[in-house]
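just need the structure, nothing else, for what follows:
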Amino acid sequence: MAKHQNKHIREAIKYAEQHGWNFEKSRGHIYGTLRCPTHGGCRQPVYSTPKHPEDHAKDIRKVVDRCPHQAANGETDDDEV
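Next up is the predicted model:
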């Protein structure tokens, strides 16, 4: 798979994959789509040439961190009480 041209977005994709998200490369305006591990769950488009790449990378990380399906998979810190 070809790497994204921006290092911040590459790192954000890697961050999502480390949290169990899947990346699907596509053609056209978007570079690909990130999907959470839950069937029919959250999706996040990854743009090829966003106007502000660093902000787009931050947004990707926020979506991963705020995914409501992560808690359903037992991946929260709340278990350590």
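
give the residue spans of the protein that score low on pLDDT.
For the chain, the stretches with pLDDT under 70 are 1-2, 71-81.

can you pull out the helices in it?
7-18, 53-65, 68-72 (DSSP state H).

separation between Asp59 and His39?
With the distance defined as C-beta to C-beta, to the nearest Å, Asp59 ends up 23 Å from His39. Bear in mind the C-beta positions are built from the backbone N, C-alpha and C, glycine included.

neighbour-wise, which of the two wins?
Asp59 (16 against 7; other C-beta atoms under 10 Å).

run a quick neighbour tally on Val46.
24.

same thing with the one 5 residues further on?
Here the neighbour count serves as a burial measure; for Lys51 (other C-beta under 10 Å) it reads 7.

please apply the same query to Glu11.
For Glu11, using other C-beta under 10 Å, the count is 14.

can you give me every residue that contacts it?
Glu11 makes contacts with Ala57, as judged by C-beta atoms under 8 Å, 6 or more residues apart in numbering.

that one and Pro53, how far apart?
11 Å.

cool, and Cys36?
Cys36 sits 22 Å away from Pro53, going by C-beta to C-beta.

neighbour count winner among these two?
Comparing Cys36 with Pro53 by other C-beta under 10 Å, the one with more neighbours is Cys36, at 23 against 17.

what sits against the more buried one?
For Cys36, the contacting residues are Gly20, Trp21, Cys42, Arg43, Val64, Cys67, His69, Gln70, by C-beta under 8 Å, 6+ apart.

can you do 6 Å?
Contact analysis of Cys36 by C-beta atoms under 6 Å, 6 or more residues apart in numbering lists Trp21, Cys42, Cys67, His69.

my guess is Trp21 contacts Leu34. True?
Yes - look at Trp21 against Leu34 with C-beta atoms under 6 Å: they come within range, at 4.9 Å.
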